[in-house]
Every structure is written in C-alpha cells, then in structure tokens.
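Colleague: Just to be clear, the model below is a prediction. Sequence and coordinates:
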Amino acid sequence: MRALEWEAEGMELNGSPATIEQMKALALTNYGHFTSMLVQDGTVKGLSLHMQRLARDSRQLFDVELDTDRVREFIRRALAESEPATVVRVTVFDPAFDLGTIGSDADPHVLVTTRPASLATPEPWRLQAASYRREIPAVKHVGLFGALRRRRAAQREGFDDVLFLNPDGTISEIATSNIGFIRDGRVVWPRAEWLQGITMTLINQALDEPVLSEPLTLSDLSSMEAAFATNAATGIRPIASVDSTEWPTDHKMLHELRELYADIPSEAV
C-alpha cells in the first residue's frame with residue numbers, strides 16, 4: 001500500500017491530490033478520455049484546440065458540458081512547482097463509475113498529471129505496419145489496450161512503434177501519433193478515420209498551401225520522399241522507415257516543417 005500511495009503523489013484530481021480510492025475507477029473501469037500537451041514556461045501551442053477536444057469528447061462519452069476554464073485552473077495549479085518544460089496530461093473520468101454502474105449519469109472529474117519534457121530533437125522512428133483500427137478513432141479515449149499491444153509487438157520485433165492499417169489496407173495513424181508524408185514538396189496525409197492531432201491541425205493551419213489528403217496503402221510509400229510523425233509532446237519526428245520502405249531523415253521539408261511549427265505562437269495556460 002505504501003508504494004501505491006507514493007505513486008499517487010503528483011496527481012491532482014479536481015485541483016487536489018488524488019487518492020488511491022479515487023484512482024480505482026480509472027484503473028479498473030478505464031472509461032474516459034484525455035489530452036496531452038507540452039507546456040513551456042506556462043504556455044502551450046494549440047491550447048484552445050486541446051480544450052475544444054476535451055469539451056467535445058466529454059459530450060460524446062459523458063453527455064455533459066466540461067468547464068474548460070476550470071480545467072485550465074487545474075493545470076495552472078499542477079504546474080506551480082513543475083519544470084520549465086513539462087508534459088501535462090489531462091484525463092477526464094468519473095471516479096464513481098464501476099463496471100455495473102457505467103450507465104449512470106456522469107460527474108466527470110479532471111485528473112492532471114505532469115512529467116518532465118525533453119526539448120531535444122526527437123530521434124527518427126522505424127515503424128512496423130499492422131492491421132488495427134482503434135475504437136471510435138476520432139476520440140482520444142483511455143482505451144489503449146489494442147494500440148499498446150501492437151506497439152509492444154512491434155518493439156519486440158526491433159521497431160520503435162506501429163503504423164495502423166485499416167481492414168482495406170489503407171494507412172491511418174501511428175499508435176499515439178499522426179503520420180504525414182512528403183511528395184513533390186507537398187505534405188500528404190492519409191485519408192482515413194483517425195484522431196486528428198493538435199500538432200497536425202496547427203501544421204495544416206500554418207502551411208501556405210492546402211495540404212493533400214489521400215487514401216494511401218503500403219504500395220504508395222515508395223513514391224514518397226520523406227515521412228514524419230506529429231505529436232503534441234514531441235512536435236515533428238522524422239520517420240526513417242515503414243517495414244522495408246526507407247526514407248532520408250534530413251529531408252529539407254522536414255527542417256522547414258519543424259521551423260514552421262516552432263514559429264506558431266503559444267497560448268498562456
């Protein structure tokens with residue numbers, strides 16, 4: 001029990017230290033949603049988009065309106081003694097839910113957890129393709145078992161992460177990131193049901209020309225000049241390969257995308 005109590009330190013639920021009893025619902029029932037963001041000196045790129053995601057997913061999973069101003073206050077409290085660069089995860093769940101009462105009216109609580117962030121340029125990834133489609137892809141829910149099982153399988157085979165393929169063979173997303181490609185100097189995103197990431201959205205908004213979105217399969221990858229992953233915690237990460245298809249990780253467009261993303265203004269929490 002002492003180990004469990006120690007692990008609960010640094011977790012704040014509705015602005016107060018979380019208890020083991022409150023965390024049981026998240027561990028045992030595992031129904032909820034979340035968003036993760038990189039906070040630097042009290043600011044976040046795309047903070048408004050993160051709040052919109054939390055509000056939207058609360059309506060879909062809990063049929064309630066989430067007070068995002070209150071969420072921001074909880075984040076500020078959790079950041080009071082954090083590092084200058086911190087990854088903040090906001091998880092929304094109802095501690096009163098259990099497997100037998102999941103149909104009850106919801107009273108979602110807000111769990112804020114923090115961890116130190118690395119600002120180093122992320123290392124390139126090697127991806128293994130696998131057939132899998134997340135349940136309700138457009139929602140960033142906490143049901144990650146299927147995704148993590150396939151990530152584990154990929155890592156056991158010597159890869160860094162897994163790229164999901166739909167039943168028809170079209171590419172969708174990485175386990176917890178979006179994937180984009182470069183072709184003829186243009187950004188190309190897979191056209192599929194996936195979770196539209198905050199970093200992906202910000203890049204699309206910042207680009208001068210419309211981005212392309214196409215149904216892509218593994219056979220299309222040889223026509224791409226480069227590939228990259230986007231994630232709010234790490235920004236833009238080069239992709240070195242998918243299975244046996246390889247790309248240079250120093251492509252000019254990757255540098256330009258990183259610079260473009262770095263120049264996007266941040267919002268104060």
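Modeller: Thanks, I have the structure now.

Colleague: helix or strand for K24, which one?
Modeller: Using DSSP states H and E, the element containing K24 is helix 20-28.

Colleague: What are the contacting residues of the helix or strand just after that helix?
Modeller: Downstream of helix 20-28, the next assigned helix or strand under DSSP H and E is strand 32-40. Residues outside strand 32-40 that contact it (C-beta atoms under 8 Å, 6 or more residues apart in numbering): 26, 44-47, 50, 53-54, 57-58, 61, 75, 79, 82, 84-94, 108, 117, 119, 139-142, 198, 232-235, 266, 269. The C-beta positions use only the backbone N, C-alpha and C, and glycine is treated the same way.

Colleague: Please apply the same query to stretch 143-156.
Modeller: The contact list for stretch 143-156 (C-beta under 8 Å, 6+ apart) reads 30-31, 127-128, 130, 132, 134-135, 160-162, 164, 175-176.

Colleague: which helix of the protein spans the most residues?
Modeller: helix 47-62 (DSSP state H).

Colleague: thought V112 was touching V92?
Modeller: No - applying C-beta atoms under 8 Å as the test, V112 and V92 come out as separate, 10.4 Å apart.

Colleague: quick one: stretch 164-177 to chain centroid distance?
Modeller: Put simply, stretch 164-177 sits 15 Å off its chain's centre (C-alpha atoms, centre = their mean, to the nearest Å).

Colleague: K140 versus the residue most central in space within the chain, what's the distance?
Modeller: With distances taken as C-alpha atoms, centre = their mean, T176 lies nearest the centre of the chain, 5.1 Å away. According to C-beta to C-beta, to the nearest Å, T176 and K140 sit 9 Å apart.

Colleague: Would you mind checking the contacts of strand 32-40 for buried ones?
Modeller: Among these, the ones that count as buried by 16 or more other C-beta atoms under 10 Å are 26, 44-47, 50, 53-54, 57-58, 61, 75, 79, 82, 86-94, 108, 117, 139-142, 198, 232-235, 269.

Colleague: ok so, going back, could you give me the ChimeraX selection string for whichever of the contacts of stretch 143-156 are buried?
Modeller: The following ChimeraX line selects those of the contacts of stretch 143-156 that are buried, judged by 16+ other C-beta under 10 Å:
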select :31,127,128,130,132,134,160,161,162,164,175,176
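
Colleague: With distance to D98, secondary structure and pLDDT as new columns, can the contacts of stretch 143-156 be given to me in CSV?
Modeller: CSV is the format used below for the contacts of stretch 143-156 (distance: C-beta to C-beta, whole Å; DSSP: H, G, I helix; E, B strand; the rest coil; pLDDT from 0 to 100):
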residue, distance to D98, secondary structure, pLDDT
N30, 11, coil, 95
Y31, 10, coil, 97
L127, 37, strand, 98
Q128, 36, strand, 98
A130, 32, strand, 98
Y132, 28, coil, 97
R134, 24, coil, 95
E135, 20, coil, 95
D160, 36, coil, 98
D161, 33, strand, 98
V162, 31, strand, 98
F164, 31, strand, 98
A175, 28, coil, 97
T176, 27, coil, 96
